[in-house]
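> missing the sequence, but the structure's below:
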């Protein structure tokens, strides 16, 4: 029996027995110690295994592009593809490959694609090369030992089940991904080993006291992934927009994105000012799910007991009322600093 995420296998397909996707996702934010990097795939229908593998690799490449510079830290100093930017990022990728197990030409193409914000990508390489290298890049982004894909299996007919099962086996064999299934069964696919997984205690408590319920899901064919600690979530347009505004504000110094709550490290805070005891949550539609809501409530209580104020804004507020959000944050931060100065 797996005792933790770290015990779940890489390079194999297994089913997470008794773990619904919402509970799995709560367990992955933040990534548990010892676990690989973990992304979640929401499958789309595909006619053939090759078609589905190609679609998954394209999504994983999109994720890798968005995660730059997490896997190539030296690229953070580059402003973009203008001037010598492309040559510089390709040279940085080649230098990293020379000091690691990465394949240099692939990494250079991926780095250029990321710097340009899109482009031809890495499709000149065989799928087997792309799978193996993308697994390494994603692992490096989170400083982890490997990469796993949680597959949220939808209700499928027999033919689609066989395609999905075969694609999962291919990804495990050629990318050394752990492929961990949740959701609907795959009775028409080859037998897949069930792995009982005990949820972390704080998640198990939420599951025990809160019924499962449907929550808004990403479009089929989408890969979602956790933020890299210390950075805004690349999945979140709201977090990226807020950080772009805060970066221009002198009062916003000292902010920390997506970092663990120090006294309760199984929780992560979207944005915090530690000295000012200010925690900010930027909530998307997934926070309306009952288990996510209950998890948020429990974390907020602990934050408040630790002396933090918890300020919550929806994605829509940040994206459509950014000036008001900034005004609220500035007022709180300045007042906290003034109070501290008076003491």
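Sure, I can see it. These numbers come from a predicted model, not from an experiment.

> Next up, the contacts around residue 47.
Residue 47 makes contact with residue 163, according to C-beta atoms under 8 Å, 6 or more residues apart in numbering. C-betas here are computed from N, CA, C, even on glycine.

> ok, 10 Å please
Listed by C-beta atoms under 10 Å, 6 or more residues apart in numbering, the contact partners of residue 47 are 159-160, 163.

> closest to residue 135 among those residues?
Closest approach between the contacts of residue 47 and residue 135, by C-beta to C-beta: residue 163, at 21.1 Å.

> helix or strand right after the strand or helix carrying the closest one?
Here residue 163 sits within helix 158-175, counting by DSSP states H and E. Once helix 158-175 ends, the next helix or strand along the chain (criterion: DSSP H and E) is strand 178-183.

> what element comes up after that following strand heading to the C-terminus?
strand 193-196.

> so what does that next one touch, helix or strand wise?
The elements that strand 193-196 packs onto, with contact taken as 3 or more C-beta pairs under 10 Å, 6 or more residues apart in numbering; DSSP states H and E, are strand 13-17, strand 178-183.

> chain center to it, what's the gap?
Per C-alpha atoms, centre = their mean, to the nearest Å, the displacement of strand 193-196 from the mean C-alpha position of its chain is 24 Å.

> hmm, back to that, and residue 126, which of the helices and strands packed on strand 193-196 is closest to it?
Minimum separation from residue 126 across the helices and strands packed on strand 193-196 (C-beta to C-beta) falls at strand 178-183, 19.8 Å.

> What pairs with the closest one, parallel or antiparallel?
strand 13-17 (parallel), strand 147-153 (parallel) (DSSP bridges).

> Show me what secondary structure element comes after the helix or strand hosting residue 297.
Secondary-structure assignment from DSSP H and E places residue 297 in helix 290-305. Helices and strands here follow DSSP H and E; after helix 290-305, the next one along the chain is strand 309-314.

> Give the buried residues for the next helix or strand after that next one.
Sequence-wise, the next helix or strand downstream of strand 309-314 (DSSP H and E) is helix 315-320. Using 16 or more other C-beta atoms under 10 Å as the test for burial, helix 315-320 gives 315, 317-319.

> any chance you could map the helices in the chain?
Taking DSSP state H to define them, one finds helices in the chain at 21-27, 49-67, 85-98, 104-116, 127-141, 158-175, 201-209, 237-246, 290-305, 315-320, 322-342.

> Let me have these in JSON lines, adding distance to residue 11 as columns.
Below are the helices of the chain laid out as JSON lines (distance: least, C-beta to C-beta, whole Å):
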{"stretch": "helix 21-27", "distance to residue 11": "20"}
{"stretch": "helix 49-67", "distance to residue 11": "16"}
{"stretch": "helix 85-98", "distance to residue 11": "22"}
{"stretch": "helix 104-116", "distance to residue 11": "20"}
{"stretch": "helix 127-141", "distance to residue 11": "10"}
{"stretch": "helix 158-175", "distance to residue 11": "6"}
{"stretch": "helix 201-209", "distance to residue 11": "26"}
{"stretch": "helix 237-246", "distance to residue 11": "33"}
{"stretch": "helix 290-305", "distance to residue 11": "30"}
{"stretch": "helix 315-320", "distance to residue 11": "37"}
{"stretch": "helix 322-342", "distance to residue 11": "44"}
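
> Just send those back as a markdown table, with mean pLDDT too.
Output for the helices of the chain, formatted as a markdown table (pLDDT from 0 to 100):
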| stretch | mean pLDDT |
| --- | --- |
| helix 21-27 | 88 |
| helix 49-67 | 97 |
| helix 85-98 | 95 |
| helix 104-116 | 96 |
| helix 127-141 | 97 |
| helix 158-175 | 95 |
| helix 201-209 | 88 |
| helix 237-246 | 96 |
| helix 290-305 | 91 |
| helix 315-320 | 95 |
| helix 322-342 | 90 |
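
> who wins for proximity to residue 41 among those helices?
Evaluated with C-beta to C-beta, these place helix 49-67 nearest to residue 41, the distance being 6.4 Å.

> helices and strands around the closest one, which ones?
Helix 49-67 is packed against strand 37-42, helix 104-116, helix 127-141, strand 147-153, helix 158-175, strand 222-224, with contacts defined by 3+ C-beta pairs under 10 Å, 6+ apart.

> In CSV: the ones you listed, plus mean neighbour count.
Output for those, formatted as CSV (neighbours: other C-beta atoms under 10 Å):
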stretch, mean neighbour count
strand 37-42, 23
helix 104-116, 22
helix 127-141, 22
strand 147-153, 25
helix 158-175, 21
strand 222-224, 18
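
> could you dump these to JSON lines with distance to residue 63?
Converted to JSON lines, those look like this (distance: least, C-beta to C-beta, whole Å):
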{"stretch": "strand 37-42", "distance to residue 63": "6"}
{"stretch": "helix 104-116", "distance to residue 63": "11"}
{"stretch": "helix 127-141", "distance to residue 63": "7"}
{"stretch": "strand 147-153", "distance to residue 63": "10"}
{"stretch": "helix 158-175", "distance to residue 63": "13"}
{"stretch": "strand 222-224", "distance to residue 63": "5"}
